[in-house]
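A.B. asks: A structural model of the following input is requested.
(one chain, ligands or ions: 1)
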Amino acid sequence: MADNQEHVDTPESNYFNNHPPPKALPKHETLARAFVELQVEKKRRVVLVTSGGTTVPLENQTVRFIDNFSAGTRGAASAERFLENGYAVIFLHRQFSLLPYSRHYSHSTNCFLDFLDESPSSSIVVRDEYQNAMRDVLRKYRTAKQNNMLLILPFTTVTEYIFELRALANIMKPLGANALFYLAAAVSDFFIPRDRMAEHKIQSSEIPSDVSNNNNPLNEQSSSSSDEVYTGYNDPQPSTKSKKLIIDLDPVPKFLHRLVDGWAPQGSMIVSFKLETDPNLLVYKARTSLQRYAHHLVIGNLLSTRKWEVVFVTPEAPHERWIRVPKTRRSKSISGEENQIGLAEGSKTTDKTQEDGN
Ligand code: PAZ
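C.D. replies: Numbering: from 1, shown residues only. Here you go, the predicted model:
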């Protein structure tokens, strides 16, 4: 059986069998295969960094979708640290989220135009005060590109993400213990199965059946097959419709154990992230995840403090280790953006944090 085929009847295999693969997958696989072959030849370690949030479309021809929080800062910052530490990086990111290096000069808070000026001869130049910092970023970016150390691949939906993850893990098999998975993407836990998804834009008012026979939930609610309706209106009396949209989501099957038990190369290392908002839950959830999937490391973070502190939860003692950036070192980047803990950067910070008694 090919590694990317699922024949057993499990929630995971049903997911793959019931959803078409993303259109871009064959192209991404070709790029990834060539990239991995090169890294094997060069005996480099390769990390797959996932970054940004997945979407859950409400319609097949998608107008509306549910999104997951994540700007992609953690993933992009960590990718830079991995590159600086000799790793080749496959950067699987939510389309239009932050990218390694360019993140310093992009998005609304850091408009790249603010870094530029017009010289007396009308050429566009970088403003004097940003020259050093920008040169540094540019050199690192060029080095990564010229040495074929960085492969950037996008996803948008949760389904695309899962297909890409499986395919990339499979392509990374020849790397064996030289492969690392660093799963910082914020992946939705819920989705609408394809067979319950509206084809067209969900309507907020009833459409006469002679105009359209599409799957408007408002129309379907009055039909007898109400159990096939994935969205509907919360009013039992269609004549007094309250115009509420009820969305019925299924849990996304847990793919981490498939990654650990089958997709990932033997001997590879798997690091997952856990985001919570309730401080009382964070370590418990991170530990539970580690026990359930038996991978190597869960990095826990809270939404409100994620830029300054993370907790490493490991199977080995000390089991729980907090890494904090002391207040004095919460410097702003050249573009004014506050620094974010990346893996290598974070490890350094631990000692410093302990020295500072934080
Ligand atoms: O992308 P970002 O820097 O804004 O946020 C990073 C993060 C919080 C999404 C990441 O560190 C993380 O925890 N990812 C896993 C989220 C989850 O529990 O699914």
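A.B. asks: Surely Pro100 is within a helix?
C.D. replies: No: assessed with DSSP: H, G, I helix; E, B strand; the rest coil, Pro100 is coil; it does not lie in a helix.
A.B. asks: From the ligand, how far off is it?
C.D. replies: 13 Å (C-beta to the nearest ligand atom, to the nearest Å). Where you see a C-beta, it was placed from the backbone N, CA and C, and this is true even at glycine.
A.B. asks: what number of residues lie near that residue?
C.D. replies: Using other C-beta atoms under 10 Å, Pro100 is surrounded by 28 other residues.
A.B. asks: what's the closest non-adjacent residue to it?
C.D. replies: What sits nearest to Pro100 in space, not counting adjacent residues and going by C-beta to C-beta, 6 or more residues apart in numbering, is Ala79, at 4.1 Å.
A.B. asks: so the one you found sits in a strand?
C.D. replies: No: read with three-state DSSP, Ala79 is helix and lies in no strand.
A.B. asks: need the contact list for it.
C.D. replies: Ala79 is in contact with 47, 49, 51, 89, 91, 100, 150, 342, counting by C-beta atoms under 8 Å, 6 or more residues apart in numbering.
A.B. asks: what kind of secondary structure is the fourth one in?
C.D. replies: Translated: Val89. Val89 - assigned by three-state DSSP - is strand.
A.B. asks: And Leu92, by the same measure?
C.D. replies: Here Leu92 is recorded as strand under three-state DSSP.
A.B. asks: Pretty sure it sits against Glu164.
C.D. replies: Yes: look at Leu92 against Glu164 with C-beta atoms under 8 Å: they come within range, at 5.7 Å.
A.B. asks: joint contacts of these two?
C.D. replies: Joint contacts of Leu92 and Glu164 (C-beta under 8 Å, 6+ apart) are 153, 155.
A.B. asks: Just give me the neighbour total for Leu281.
C.D. replies: Neighbours around Leu281, by other C-beta under 10 Å: 14.
A.B. asks: three-state assignment of it?
C.D. replies: Secondary structure state of Leu281, per three-state DSSP, is helix.
A.B. asks: quick one: pLDDT of it?
C.D. replies: Per-residue confidence at Leu281 stands at 98 (pLDDT).
A.B. asks: just to revisit the earlier point, could I get the contacts of Ala79 in a markdown table, plus columns for pLDDT?
C.D. replies: As requested, these are exported to a markdown table (pLDDT from 0 to 100):
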| residue | pLDDT |
| --- | --- |
| Val47 | 99 |
| Val49 | 99 |
| Ser51 | 98 |
| Val89 | 99 |
| Phe91 | 99 |
| Pro100 | 98 |
| Leu150 | 98 |
| Gly342 | 63 |
